[in-house]
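Enquirer: one predicted model, sequence on top.
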Amino acid sequence: MAILPSPFTKLFLLILCCVNGIVAYRAVRPDLSHEISLQAADFPSERLYRAYLVIQSFKSTITSDPKNITSTWSGNDICSEKTYLGFYCAMPPGLDEKVTVTEVRFNGFGLHAPRLQGFADQLPDLALFHASSNNFGGDIPRLDSLPYMFEFNTANYDLQRVLPQGSSFEGTVGASGTRSTPGTKPNFRPPGGGCTNTFLNFTFHFRAQTPDIGGIIPGATDAKALILNYNNLSGKLPTNIGFSKVSYLAIANNKLTGPIPPSIAHLQDSLLEVLLLNNQLSGCLPHDLGMLTKTSVIDAGMNQLTGPIPSSFSCLSSVEQLNLAGNRLYGQVPDALCNLAGPAGRLANLTLSSNYFTSVGPACSALIKDSVLDIKRNCITGFANQRGPAECASFLSKPKTCPTSNAPVACPAAADAKKNAAAPEGRVARDYSSYVIYATLHE
């Protein structure tokens, strides 16, 4: 005859199962009870506590961490060299000498998370967000909510001139001059290597100094950067993108759709380089893009943009690299744009291949001969390596809805005449790695 358990035995077994479940859960997350118990008083500043809460919330959404990076995101020592890998701290002015999280650098970590919104846009003092080669979905974080409370300099130069022979270097974060910055991670190189060979140095309104040779680093400039290449971002570019103060925007190799927002024109005083390469952006090539008079790199290649090149592009007096290849652009390549390769501008590389342009003017023809302008795989009669007649006729016969205008345009007043002046030594094609955003494309 079967012996039924008593009610007391049932209760005991139920309690035992619960205890086992709790023990098993703590085995997976041994630091959870410690994290929950942390309060603002456990941190050097209220801002670090706020950053801690944001980090822990984001940590709970991560679905894959192949390098076990998030195991270091525990406790109250966010600025230590051995904890919170990928987070960097500094001491901005105006915060009563308090250290706070100023940089996130996840490039190459391989993290998977469904979204970045609610993380990158919630860290109160973030100035640089570099998270290439991960798998973050969702939309781009709201750029206008990133406060960028301080400045840092980004300089491009030959690192071997500065570093001791045989040294390995990816970046430095800290304050320059005589002011020290406790709690930084000055020499951390993420597992799997870094994404850039660019020197990043927070300076807090000082000019950066090279570590060994002294003096001002050539090309140093104030900057705020959002770098999200090689992720899984989708959706449209934020309509309010122009109301941020971003200087370097690199979001190549994602799944972004929709048009380039007109508000981008408001970045004319801050945006220095923009990389929109290899997404699914569509709509007409906007007039507003031509208002970026301080921008040296505009790369919107490999998208689905269409229309003629707006006359406003003649205002791009600082542009050195302009890539619009692999889109659905048509009409004439305007001589006003090609003239920017002369005394009026700095244009060294104009890539318009794999579009549907039908003609070029005399100034553009000269650039083709000089290998400055690439017009392969278009529909321009008399030039080699063009699309076939049937392919061109099929595209050109379809209705076109983008506005056409050859009228002169009023360019924004140059806020910095020295910046917008022609290069003193004429047109020089710089190496791509000398640009911040192109350097971020290399693992």
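Expert: Sure thing, it's come through. Residues are numbered from 1 along each chain as shown.
Enquirer: endpoints of stretch 330-348, how far apart?
Expert: Using Cα to Cα, to the nearest Å, the end-to-end distance of stretch 330-348 comes out at 22 Å.
Enquirer: just the helices from the stretch 301-443 of the chain, written as ranges.
Expert: 335-338, 362-369, 389-396, 417-420, 436-439 (DSSP state H, counting those that start in this stretch).
Enquirer: where among the ones you listed is average confidence lowest?
Expert: In terms of average pLDDT, helix 417-420 trails the rest of the helices of the stretch 301-443 of the chain, at a mean of 43.
Enquirer: ok, and the helix or strand in the chain with the lowest average confidence?
Expert: strand 152-155 (a mean of 34; mean pLDDT, DSSP states H and E).
Enquirer: in TSV: the helices of the stretch 301-443 of the chain, plus mean neighbour count and distance to Phe136.
Expert: C-beta here means a position set from N, CA and C on the backbone, and glycine is covered the same way. Below are those laid out as TSV (neighbours: other Cβ atoms under 10 Å; distance: least, Cβ to Cβ, whole Å):
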stretch	mean neighbour count	distance to Phe136
helix 335-338	22	35
helix 362-369	17	39
helix 389-396	13	35
helix 417-420	12	33
helix 436-439	24	18
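Enquirer: TSV for those, including distance to Ile380?
Expert: As requested, the helices of the stretch 301-443 of the chain are exported to TSV (distance: least, Cβ to Cβ, whole Å):
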stretch	distance to Ile380
helix 335-338	13
helix 362-369	9
helix 389-396	9
helix 417-420	31
helix 436-439	28
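Enquirer: with only the CA atoms kept, save stretch 288-296 in PDB.
Expert: In PDB, the C-alpha atoms belonging to stretch 288-296 read as follows (Å, rounded to 0.1, in the frame of the first residue of the first chain):
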ATOM      1  CA  ASP A 288      20.700  70.400 -45.600                       C
ATOM      2  CA  LEU A 289      23.800  68.200 -45.900                       C
ATOM      3  CA  GLY A 290      25.400  71.000 -47.900                       C
ATOM      4  CA  MET A 291      25.200  73.300 -44.800                       C
ATOM      5  CA  LEU A 292      28.000  71.400 -43.000                       C
ATOM      6  CA  THR A 293      30.700  73.900 -43.700                       C
ATOM      7  CA  LYS A 294      33.100  72.600 -41.000                       C
ATOM      8  CA  THR A 295      32.800  68.900 -42.000                       C
ATOM      9  CA  SER A 296      35.900  67.300 -43.500                       C
END
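Enquirer: got the contact list for that stretch?
Expert: Under the contact criterion Cβ atoms under 8 Å, 6 or more residues apart in numbering, stretch 288-296 has outside partners 260-265, 267-274, 298, 300, 310-321, 346, 409, 411-412, 414-416, 419-420, 435.
Enquirer: mark which of those are buried, thanks.
Expert: Applying a neighbour-count criterion of 16 or more other Cβ atoms under 10 Å, the buried members of the contacts of stretch 288-296 are 260-261, 263-265, 267-268, 270-274, 298, 300, 310-321, 346, 409, 411-412, 414, 420, 435.
Enquirer: quick one: which of the residues you listed sit in strands?
Expert: Glu273, Val274, Ile298, Gln321 (DSSP state E).
Enquirer: please report how far the second one lies from Gly118.
Expert: Distance of Val274 to Gly118, computed by Cβ to Cβ, to the nearest Å: 24 Å.
Enquirer: repeat that for Phe136.
Expert: 12 Å.
Enquirer: am I right that Asn254 is in contact with Asn232?
Expert: Yes: assessed by Cβ atoms under 8 Å, Asn254 is found in contact with Asn232 at 6.8 Å.
Enquirer: between the two, which has more neighbouring residues?
Expert: Asn254 (23 against 15; other Cβ atoms under 10 Å).
Enquirer: and the more buried one, its phi and psi?
Expert: Main-chain dihedrals, Asn254, degrees, to the nearest 10: phi -130, psi -160.
Enquirer: counting neighbours, which bits of stretch 49-69 end up buried?
Expert: Tyr49, Arg50, Ala51, Tyr52, Val54, Ile55, Gln56, Phe58, Lys59, Ile62, Asp65, Ile69.
Enquirer: identify the residues contacting the closest residue to Gln39 other than its chain neighbours.
Expert: In this structure, Gln39 finds its nearest non-sequential neighbour in Tyr49, 7.7 Å apart by Cβ to Cβ, 6 or more residues apart in numbering. The contact partners of Tyr49, by Cβ under 8 Å, 6+ apart, come to Leu38, Gln39, Ala40, Asp42, Phe43.
Enquirer: wait, the fourth one sits on Asn76?
Expert: Yes: in this structure Asp42 lies within contact range of Asn76 using Cβ under 8 Å: 4.6 Å.
Enquirer: more neighbours: those two, which one.
Expert: Taking neighbours as other Cβ under 10 Å, Asp42 and Asn76 compare with Asn76 leading, 19 against 13.
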